[in-house]
Each structure stands twice: as C-alpha cells, then as structure tokens.
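Undergrad: kindly return the folded structure for what I paste below:
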Amino acid sequence: MEFYEVIEKRRTIRDFENETISSDVIERIIEAGFKAPTNDHMRDWHYVVIQDKNIVMKLLDIIPKGISDKDMDQLIKDWNLNDTLQQECYRNAVPKQYKMLMDASVIVIPLLKQKTDILNPDNISHLNGFASIWCSIENIFLAATAEGYGYTLRVPLGNEGEYARNVLGFPHDYFMPCFIGIGKPQKDAAKVQQKNIVLKDRIHWNKW
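TA: Residues are numbered from 1 along each chain as shown. Just a heads-up that it's a prediction; the model follows:
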C-alpha cells in the first residue's frame, strides 16, 4: 500500500471480525513503532502483547461495559461536545470501550520508561518521553493499516493503568499511555464521518 494511501485509510475501528493475526505480522507492526523518533535516542519502550482471551478478560474487567442513553447525553453535555460530528463520534465510541478491545484479535500495551513525573511535569521538556512514545504508537497505527488491519485505543481512566500493571506485572518505573486493540475490521464496521478541514485555513506561511 502506497504511503499516502495508508495515511488516507487510517481510521480508528471499533468493530472487529473474529480472526487471529500471526505473530510475524504483529512483530512487523511493533517493529514499525520502534522506527519512530525518540527524545533521548534510547527507545526505552516495551510492548506487552496479549492474545490469551482469559488474560484479556481479566485486563479489561475494570472497563465499563456500556453506558445508558441518559448518561451518554449527560457526558456530551458535561464535556461540552457541541459539534454534531464530534457528538456522533463519541456516541459510537463510548458504548464500545469494552467490546472493541475484547473483540480485537490482539491487545498491545505500550510502555515507556518514566524518568520524570509525567502527570506532574516541572516543564514541557519533562513530557518529551511521553510525546515520543505517541510517535511510536502512531507508527503502529499506520503499520496495522498497511497490513490490512484496523486498530482501536483507549486512554486509561482512573486507576485502570495501575490495575493493568497488577494484571500484567510490568515494572513500576514504566508508564502505560493506552490500550491498543488490533484486528480485522468488520465489513460493516461503523465509519464516523471525518471533520472536513480546509487546508489553506490551517497553514500559515511565515507568520499567523
């Protein structure tokens, strides 16, 4: 798949087929993550790959399994989601947070060595490591797309990160930025309309 075609086709998917992914493909996808730029040249990242559904069930047990229409309406109000396309996206995404990860063929947990307090940084430079692993995660999204698969992600809420640490046993000096699910998209997977951006309105040449 040509590079710009991969970028065009990249989408967050929340509806997956029941299909396995070979270890070779998973390793290629994660290897692409290690090609991303890094803040300190060390790429001190690790990825926990979970295919065992029993472990997946335990890992995801802390995630809410649905949301009522009333609570969904309140969430949209509380989060000030006023754009109709944005509302559509959240109405599709929030109720599927558990199922989309449970149905994925594989769960990938990215980890970065936490050398500063990411949640309470002294300055913006202390977020360099956090920024770097998100570059790695984007490479994984693009590589999964190039392989013909889709991905989904969830940023941990509350104590989900610590719960995942207890389930998976990763060290206390490593930080988990998200859950990633990878799998084959269903043929009728929901496709939320993308927000149209007028490029000439967003590029400022030489000055704003």
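Undergrad: quick check, central residue of the chain?
TA: In the chain, the C-alpha nearest the mean C-alpha coordinate belongs to residue 153, at 2.8 Å (C-alpha atoms, centre = their mean).
Undergrad: and that residue, its phi and psi?
TA: Here is the backbone geometry of residue 153 (degrees, to the nearest 10): phi -150, psi 160.
Undergrad: leaving aside the residues next to it on the chain, what's closest to residue 38?
TA: residue 132 (4.7 Å; C-beta to C-beta, 6 or more residues apart in numbering). Just so you know, the C-beta spots here come from the backbone N, C-alpha and C atoms, and that holds for glycine as well.
Undergrad: for the strand or helix carrying that neighbour, name the packing helices and strands.
TA: Assigned by DSSP states H and E, residue 132 belongs to helix 128-146. Contacts defined by 3 or more C-beta pairs under 8 Å, 6 or more residues apart in numbering; DSSP states H and E place helix 128-146 against helix 3-9, helix 23-33, strand 106-113, strand 150-154, strand 179-183.
Undergrad: and residue 58, which of these is closest to it?
TA: Of all those, it is strand 106-113 that lies closest to residue 58, at 11.2 Å by C-beta to C-beta.
Undergrad: gap between residue 125 and residue 118?
TA: Using C-beta to C-beta, to the nearest Å, residue 125 is found at 12 Å from residue 118.
Undergrad: returning to what we had before: now the helices and strands packed on helix 128-146 as TSV including distance to residue 198?
TA: Below are the helices and strands packed on helix 128-146 laid out as TSV (distance: least, C-beta to C-beta, whole Å):
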stretch	distance to residue 198
helix 3-9	17
helix 23-33	31
strand 106-113	33
strand 150-154	27
strand 179-183	31
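Undergrad: alright, I will stop here.
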